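> after the sequence you'll find the predicted model.
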Amino acid sequence: MAGKQNPSYMPNYFSIDDILATQERVPCSNPLELKDLGFLDPGSDDKHLAQGSKLEIPYWIVDGMRAGKLKYLNMYLPRSYKEIYREILLADANVVDLHKLGPYFYEFGLYLIKHSVEEGDLIGETISSTFRTRFLNILNAAQNCRDEEKLKETDKMDELERKLFKMGYKKRNDIVGWMNRDVYQIKTASAVSSFKKRKVANIS
């Protein structure tokens, strides 16, 4: 893992964020009958998955079944990334409840890009534009909100934005504490303090 990048944004087997992002369900269908995969359709009791079945299953399953030359599933864009939502985000991204669209909106969008030849570039442009538009508000909220306002401020943020907010909020408090001399005061090391106490005890 290079540098100190968030492992969530470098797909990693051991990244909890990556696992949660790829749990998002996507609509898909199968162009051929799939033997012994009837369990993928919770509404069917058949052992096999009938041709043309309409499904909504976790992305990581779909990704694996589309990895080879023969793609066993056709995948469609989740509604949060379709044109109507892209237009809403481009119009005014700051008013959108991004967490409701998907708690891992940005990261999941990156995964979808490679599966959509026609709209992949548009998805990339939308999530990039959305982040740039909302970043200043995140920064302002982190620098100016009070403790009791934290939950309200992060309510409409996706997980990446919440992490950035928490980092900014902590740094703001660290700076305020340093300016007020509430932190970073030089203190006697615990080992030295214990030694002095034993010395006093021995003298007495």
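Ah, there it is.

> show me what the longest helix along the chain is packed against.
Identified as the longest helix of the chain according to DSSP state H is helix 120-144. Contacts defined by 3 or more CB pairs under 8 Å, 6 or more residues apart in numbering; DSSP states H and E place helix 120-144 against helix 83-92, helix 105-113, helix 159-179. C-beta coordinates here come from the backbone N, C-alpha and C atoms, glycine included.

> tell me the mean pLDDT for the longest one?
Meaning helix 159-179. Average pLDDT, helix 159-179: 86.

> helix 105-113 and that one, what's the angle between them?
Helix 159-179 and helix 105-113 are oriented at 150 degrees to each other (axes from the mean of the first three to the mean of the last three CA atoms, to 10 degrees).

> how close does Ser128 get to Tyr81?
To Tyr81, Ser128 is 13 Å away according to CB to CB, to the nearest Å.

> apart from its chain neighbours, what residue comes closest to the residue positioned nearest the centre of the chain?
Centroid check for the chain by CA atoms, centre = their mean gives Tyr104 as the closest residue, at 3.3 Å. Nearest residue to Tyr104 in three dimensions, chain neighbours excluded: Ala21, at 3.8 Å (CB to CB, 6 or more residues apart in numbering).

> coming back round to it: wait, the residue nearest to the centre of the chain touches Glu24, no?
Yes: between Tyr104 and Glu24 there is a contact at 6.9 Å, judged by CB atoms under 8 Å.

> returning to that earlier point: mind checking which of the helices and strands packed on helix 120-144 is nearest Ala142?
Nearest of the helices and strands packed on helix 120-144 to Ala142, taken as CB to CB: helix 159-179 at 3.0 Å.

> contacting residues for Gln143?
By CB atoms under 8 Å, 6 or more residues apart in numbering, Gln143 lies in contact with Gly168, Arg172.

> 6 Å instead?
Going by CB atoms under 6 Å, 6 or more residues apart in numbering, Gln143 touches Arg172.

> what stretches of this structure score poorly on pLDDT?
1-13, 147-148, 151, 182-204 (pLDDT under 70).

> how many other residues sit next to the closest residue to Ile88 other than its chain neighbours?
The shortest distance from Ile88 to any non-neighbouring residue, by CB to CB, 6+ apart, is to Val96 (6.4 Å). The tally of other residues near Val96 (other CB atoms under 10 Å) stands at 19.
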